[in-house]
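*Asks:* Let's see this in three dimensions:
(chains A and B)
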Protein chains: 2
Amino acid sequence: MTRRQMHLGAFLFNLGNHVAGWRHPSVDPRDLMRLDFYAGLADIAERGLFDFVFLSDGLGLNDTHDAVLRHSIVVRPEPLTLLGALAARTRHIGLAATVSTTYNEPYAVARKLATLDFLSEGRVAVNIVTSSTWQEARNFGAEAHMAHDARYRRAAEFVRVMEALWLSWGPDAVLADQASGDFARPDQIRPIEHNGEFFAVRGPLNVPRPPQGRPVVIQAGISPAGQDLAAHLADVVFTLNEGLADATARSLALKAAARAAGRDPAMLKVMPGIMPILGDTAAEAAANEAMLEELVPPPLAMAYLSDMVGQDLTNHDPAGRLPDLRGGEGERGRLAMVEKLAREGLSLGGIARRMVLARGHKLVRGTPSQVADTLQLWFESGACDGFNILAPWHPGGLQAFVTGVVPELQRRGLFRRAYGTGNLRDRLGLPVVT
Amino acid sequence: MTRRQMHLGAFLFNLGNHVAGWRHPSVDPRDLMRLDFYAGLADIAERGLFDFVFLSDGLGLNDTHDAVLRHSIVVRPEPLTLLGALAARTRHIGLAATVSTTYNEPYAVARKLATLDFLSEGRVAVNIVTSSTWQEARNFGAEAHMAHDARYRRAAEFVRVMEALWLSWGPDAVLADQASGDFARPDQIRPIEHNGEFFAVRGPLNVPRPPQGRPVVIQAGISPAGQDLAAHLADVVFTLNEGLADATARSLALKAAARAAGRDPAMLKVMPGIMPILGDTAAEAAANEAMLEELVPPPLAMAYLSDMVGQDLTNHDPAGRLPDLRGGEGERGRLAMVEKLAREGLSLGGIARRMVLARGHKLVRGTPSQVADTLQLWFESGACDGFNILAPWHPGGLQAFVTGVVPELQRRGLFRRAYGTGNLRDRLGLPVVT
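*Replies:* Predicted coordinates:
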């Protein structure tokens, strides 16, 4: 009997996921906008047999605090265009882009994803977000975002419209018969005539049915509305956790919600984010972590935390307690995590240091074997179906994971030794959509 | 003294620009959504030293008439994602995508273009269109488009907002100083605070200043509002003409309008569309044209013309005269052309046959030397600064132009023999933007 297999995603956050990763001596910061850099990362992940690479996104520049603008990387290459380049430079690996459903139109996004699914021969995924920073609203004609629940209703409607558009061409709609001159069968190409709360979309799509039928949908929000969206519509959930108990509880809750929504819970893949900090010895790994922490400029942590919670904390005493955050507009998952750390007794400065490093994701430090132990424990405890790996710096941190941890997982029978055939849905064990 | 040099663009309209091009025996219609096919076309154009490849677009599927849906290619791969793939597979050639300013947001498009400009190291151009078919409106929540003049005011504002965003990072804003931890200079990253008729955009862009400063802007509309937009804001105009006299008059008018707008008219490059149908002998070229015309299914021409003029003509007698089109909603450039053909005495069926083949663009038939003669005559008469080549079928038709006509133009001293250094603006002889 084959052992249950782990799924792995490589979360690509420009020069590295650690807030000071770009200062690692092996990093060339001029790589930030270079195609060969991103193609190289995708190549490393592909040689590591990852299920997918995963591009983060945001539709604005975080300039609330000069310290963030000065000391962290606020640049975000646009993920859908970058994914086109990665489709051309990879052969097997899945390609996931983050897209805001609040400031896009479903026809436009469905079409871009369908195009990328063809260009990549069935390897595309989309990570649905609803946008949270005030800067994003003001780049799109709004003074502020629509309310949180409305954003999530819009997100759900957005995904349903995309699904209808992807299926608006029947599976046999393209004849391409040069002899008769019949390119398509008009009776298999149907308007969707969608009229909902947020969108009126006639369709059909002007791209045929994509190879996967329905490109993979990822969701990351962990508010109640976000979890509800995941339970109903997501194939993969990218979660944020501090520990195994949290992660297990969250996974059980998500699977139960999927079942309640009438789905097979095994078809919802839970993949928490994990930042691995590796060393050949435990001491070397600890030294690597300490070095990175040392490289975080002091004003950055409090400014970054302020942005995360949507409230200015830079004038508060780092030795003091977390103030009341109920007036803030931060992303709810991170707000909850910050409040939990405060309940555990951390000072404001301690919370800031903890949150800034991996943006709230769990940091796992050790030798490849020790990191594999943690991943195995989480995986076998039912906390997850796999992991999104947030390499602390690029490309070295991702390379170290592929060279060290992947073979360890393979030896334990937990991870594939080759890509099989089939598209990304097949690789993730998701149902075929027809 | 160096002779004035011609510019060439390769207009890529999926399987070919001729309405029956996809039926040419050398075409594989399964290529339509394959990355290698488009990369192969870009490679042919790059080996031909073209200035750019140019992707058409539309945001809806033309399903008004079953004949169009059945017999012509209504599929449009999304150009910005496809451009990402082409950036990864080419080294020198410019990359132009068509974008609707009516159904997009300038922040999103400026960011995609800036990203592509980085990925391609300064080779990106955008062809601004305002959308014309009713299907497009209904895919984006509208019953019909906004009025024609409003669309063009929106387009002009759209381009100005993009320009401001591209320049929102100062040229020295990125320090990337790993030692000090200063990634950027906050004082060189400025909000644009745009508040106009159609857009409120705070900025700054979350991508640094692109390599070209301002990616190249192409414009194709030839209504008075379109020409006004070109005169003020375009670097390249893609024109539609039936003959040399028309083309020369149009070019002179555009250059005069650019001068009146305070610009150097030499900085506005006029590039008409030309469909070359080649043969080793004049007879072979004529046979190629006749074969393609033979492959146009009879119901298609009248249906296609109906779509172009925005009025159903399929029940009219092809032997009769053109009816009054003032109730239609077609694209104005093509409406004017259709009316001109009617004034020249063509029957409705004759107009349909003329318009359907190259969608209104000039068809030039002959040996490579004969086609080069026509291009040289137009170029030296002051009708244009170069051409957008609409190969009738892909990839063979483009290959034939590169193999036959390009060397002929080079022998005559009219076209480059190698790519020089520099970005797309440099190659087109456009001013550096700072």
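
*Asks:* can we go C-alpha only for contacts and neighbour counts from here?
*Replies:* OK.

*Asks:* Can I get the lengthiest helix in chain A as CSV, trimmed to CA atoms?
*Replies:* Counting residues, the longest helix found in chain A (DSSP state H) is helix A:148-166. What follows is helix A:148-166 as a C-alpha-only set of coordinates in CSV (Å, rounded to 0.1, in the frame of the first residue of the first chain):
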residue,chain,number,x,y,z
HIS,A,148,-15.4,42.6,5.1
ASP,A,149,-18.5,40.3,4.7
ALA,A,150,-19.3,42.0,1.4
ARG,A,151,-15.8,41.4,0.2
TYR,A,152,-16.2,37.7,0.9
ARG,A,153,-19.6,37.5,-0.8
ARG,A,154,-18.0,39.2,-3.8
ALA,A,155,-15.2,36.7,-3.7
ALA,A,156,-17.6,33.7,-3.7
GLU,A,157,-19.6,35.1,-6.5
PHE,A,158,-16.3,35.9,-8.4
VAL,A,159,-15.2,32.2,-8.2
ARG,A,160,-18.6,31.0,-9.3
VAL,A,161,-18.7,33.3,-12.3
MET,A,162,-15.2,32.1,-13.3
GLU,A,163,-16.3,28.5,-13.0
ALA,A,164,-19.3,29.1,-15.3
LEU,A,165,-17.1,30.9,-17.8
TRP,A,166,-14.5,28.1,-17.8
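
*Asks:* Might one say that residue A:92 is in contact with residue A:419?
*Replies:* Yes. Using Cα atoms under 8 Å, residue A:92 is in contact with residue A:419, at 7.2 Å.

*Asks:* any idea how far the closest residue to chain B within the stretch 251-400 of chain A lies from residue A:20?
*Replies:* Residue nearest to chain B within the stretch 251-400 of chain A: residue A:297 (6.8 Å; Cα to the nearest Cα). Look at residue A:297 and residue A:20: by Cα to Cα, to the nearest Å, they are 8 Å apart.

*Asks:* Give me every residue in the stretch 151-300 of chain A lying close to chain B.
*Replies:* With the criterion set to Cα under 8 Å from any Cα of the partner chain, the stretch 151-300 of chain A comes near chain B through A:176, A:178-179, A:181-186, A:199-208, A:295-297.

*Asks:* Buried members of these into PyMOL, please.
*Replies:* The PyMOL selection below is limited to those of these classed as buried (16 or more other Cα atoms under 10 Å in any protein chain shown):
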select buried, chain A and resi 176+178+181+182+183+184+185+186+199+200+201+202+203+204+205+206+207+208+295+296+297
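
*Asks:* the helices in the stretch 151-300 of chain A, which residues?
*Replies:* A:224-233, A:244-260, A:282-294, A:298-309 (DSSP state H, counting those that start in this stretch).

*Asks:* Output those helices as TSV; include the columns mean pLDDT.
*Replies:* Output for the helices of the stretch 151-300 of chain A, formatted as TSV (pLDDT from 0 to 100):
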stretch	mean pLDDT
helix A:224-233	93
helix A:244-260	94
helix A:282-294	95
helix A:298-309	87
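
*Asks:* and among those helices, the most buried is which?
*Replies:* helix A:298-309 (a mean of 23; mean count of other Cα atoms under 10 Å in any protein chain shown).

*Asks:* these two touch, right, residue A:32 and residue A:12?
*Replies:* No. Counting by Cα under 8 Å, residue A:32 sits too far from residue A:12 to count as a contact (11.4 Å).

*Asks:* Output stretch A:286-297 in CSV with nothing but the alpha carbons.
*Replies:* Output in CSV follows, covering the C-alpha atoms of stretch A:286-297 (Å, rounded to 0.1, in the frame of the first residue of the first chain):
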residue,chain,number,x,y,z
ALA,A,286,20.3,28.6,15.2
ALA,A,287,23.1,30.9,14.1
ASN,A,288,21.4,31.4,10.7
GLU,A,289,18.2,32.4,12.5
ALA,A,290,20.1,34.7,14.9
MET,A,291,21.9,36.3,12.0
LEU,A,292,18.7,37.1,10.1
GLU,A,293,17.0,38.5,13.3
GLU,A,294,20.1,40.7,13.8
LEU,A,295,19.6,42.1,10.3
VAL,A,296,16.0,43.4,11.1
PRO,A,297,16.4,47.2,11.5
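
*Asks:* low-scoring pLDDT stretches of chain A, where are they?
*Replies:* A:1, A:327-331 (pLDDT under 70).

*Asks:* Name the single longest strand found in it.
*Replies:* strand A:269-278 (DSSP state E).

*Asks:* Wait, residue A:136 touches residue A:59, no?
*Replies:* Yes. Using Cα under 8 Å, residue A:136 is in contact with residue A:59, at 5.2 Å.

*Asks:* Could you check how many residues crowd around residue A:420?
*Replies:* 10 (other Cα atoms under 10 Å in any protein chain shown).

*Asks:* ok, it - contacts?
*Replies:* residue A:427 (Cα atoms under 8 Å, 6 or more residues apart in numbering or on different chains).

*Asks:* And for residue A:151?
*Replies:* A:101, A:102, A:130.

*Asks:* swap in residue A:137?
*Replies:* Each residue near residue A:137 by Cα under 8 Å, 6+ apart is listed here: A:143, A:144, A:145.

*Asks:* Only whichever of these are buried, select them in ChimeraX.
*Replies:* To isolate the buried members of the contacts of residue A:137 in ChimeraX, using 16+ other Cα under 10 Å:
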select /A:145
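
*Asks:* Closest to chain B out of the contacts of residue A:137?
*Replies:* Among these, and counting by Cα to the nearest Cα, the member closest to chain B is residue A:143, at 9.2 Å.

*Asks:* so which strand or helix has the closest one?
*Replies:* Under DSSP states H and E, no helix or strand contains residue A:143.

*Asks:* any idea which element the residue lying closest to it once chain neighbours are set aside lies in?
*Replies:* Nearest non-adjacent residue to residue A:143, counting by Cα to Cα, 6 or more residues apart in numbering or on different chains: residue A:137, 6.2 Å away. In the assignment (DSSP H and E), residue A:137 maps to helix A:134-138.

*Asks:* just so I have it, where are all the strands in chain A?
*Replies:* Taking DSSP E, the strands of chain A run over residues A:7-12, A:52-55, A:94-100, A:124-129, A:174-177, A:182-184, A:194-195, A:200-201, A:216-219, A:236-239, A:269-278, A:362-366, A:386-389.

*Asks:* Take the ones you listed and write them to TSV, including distance to residue B:386.
*Replies:* Output for the strands of chain A, formatted as TSV (distance: least, Cα to Cα, whole Å):
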stretch	distance to residue B:386
strand A:7-12	42
strand A:52-55	39
strand A:94-100	38
strand A:124-129	38
strand A:174-177	34
strand A:182-184	33
strand A:194-195	44
strand A:200-201	40
strand A:216-219	44
strand A:236-239	50
strand A:269-278	53
strand A:362-366	58
strand A:386-389	50
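
*Asks:* Which one of the ones you listed lies nearest to residue B:155?
*Replies:* Of all the strands of chain A, strand A:200-201 sits nearest to residue B:155, with 22.7 Å by Cα to Cα.

*Asks:* Tell me, how many residues neighbour the nearest residue to residue A:322 once chain neighbours are set aside?
*Replies:* Distances taken as Cα to Cα, 6+ apart put residue A:348 closest to residue A:322, at 5.1 Å, once the chain neighbours are dropped. Burial of residue A:348 is recorded as 23 neighbouring residues (other Cα under 10 Å).

*Asks:* Surely residue A:348 is in contact with residue A:315?
*Replies:* No. With contact taken as Cα under 8 Å, residue A:348 and residue A:315 are classed as non-touching, separated by 11.3 Å.

*Asks:* between residue A:32 and residue A:12, which one's more packed in?
*Replies:* Counting neighbours by other Cα under 10 Å for residue A:32 and for residue A:12 shows that residue A:12 has the greater number, 26 against 22.

*Asks:* so what's that one up against?
*Replies:* A:53, A:54, A:55, A:56, A:390, A:391.

*Asks:* The fourth one and residue A:77, how far apart?
*Replies:* Spelled out, it's residue A:56. With distances taken as Cα to Cα, residue A:56 is found 9 Å from residue A:77.
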